[in-house]
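>>> What follows is a predicted protein model with its sequence.
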Amino acid sequence: MSLKVYDDQGRWRNKTVAFRMSPEEDAQLEKAVALSGLTKQDYIIRRLQCRDVVVQGNPRVYKALRNQMADILAEMKRIKCAEDISDDFHDLLLLVAETMNGMAAES
C-alpha cells in the first residue's frame, strides 16, 4: 500500500473531483497554472475557494512568462486592429500583466 500524502494543513486528499472542459478552456487553464507556479490541483482548489493565488517567482514561472510573452508578441504582430483581439487573448494579457506587476511588487 502506498504512503498517504498530506497537504500543508495535514489533511489527506482522498477525494477525486472531475469535470469536462473544451480544448480552448484547457489551454487557458494550462497557461494560468504555468504562470502561477503552483500544481494544477493547488491552483484549481485555490480558485474554487476564492482564495488568492500568490505567485512565487522561480525559474518555472520566469520560463512560463518568457514563453507567454513570446506568444503575445507573435499574436500582436498578427493583429491588424484592436477589434481583432479575442476575449481569450485579452484575458491572457491581463493575467500576464497582473503576474508581472505582482512579482515587481515583491522585489
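Nice, thanks for sending it over.
>>> Just give the closest residue to the residue nearest the centre of the chain, not the sequence neighbours.
Closest to where the C-alpha atoms of the chain average out (CA atoms, centre = their mean) is residue 32, at 1.5 Å. Nearest residue to residue 32, sequence neighbours excluded (CB to CB, 6 or more residues apart in numbering): residue 95, at 6.1 Å. Yep, even glycine has a C-beta here, placed from its N, CA and C like the rest.
>>> helix, strand or coil for the one you found?
Judged by DSSP: H, G, I helix; E, B strand; the rest coil, the three-state class of residue 95 is helix.
>>> what residues are up against it?
Neighbouring residues of residue 95 by CB atoms under 8 Å, 6 or more residues apart in numbering: 31-32, 35.
>>> for those, which one is nearest residue 50?
residue 32 (15.1 Å; CB to CB).
>>> Residue 13 contacts residue 5, doesn't it?
Yes - between residue 13 and residue 5 there is a contact at 7.3 Å, judged by CB atoms under 8 Å.
>>> Tell me which of those two has more neighbours.
residue 13 (11 against 8; other CB atoms under 10 Å).
>>> Tell me how far the more buried one lies from residue 44.
In this view, residue 13 and residue 44 are 12 Å apart by CB to CB, to the nearest Å.
>>> is it true that residue 55 touches residue 65?
No - the pair residue 55 / residue 65 is not scored as a contact, 9.5 Å apart, by CB under 8 Å.
>>> so what sits against both of the two?
Shared contacts of residue 55 and residue 65, defined by CB under 8 Å, 6+ apart, are found at 35, 99.
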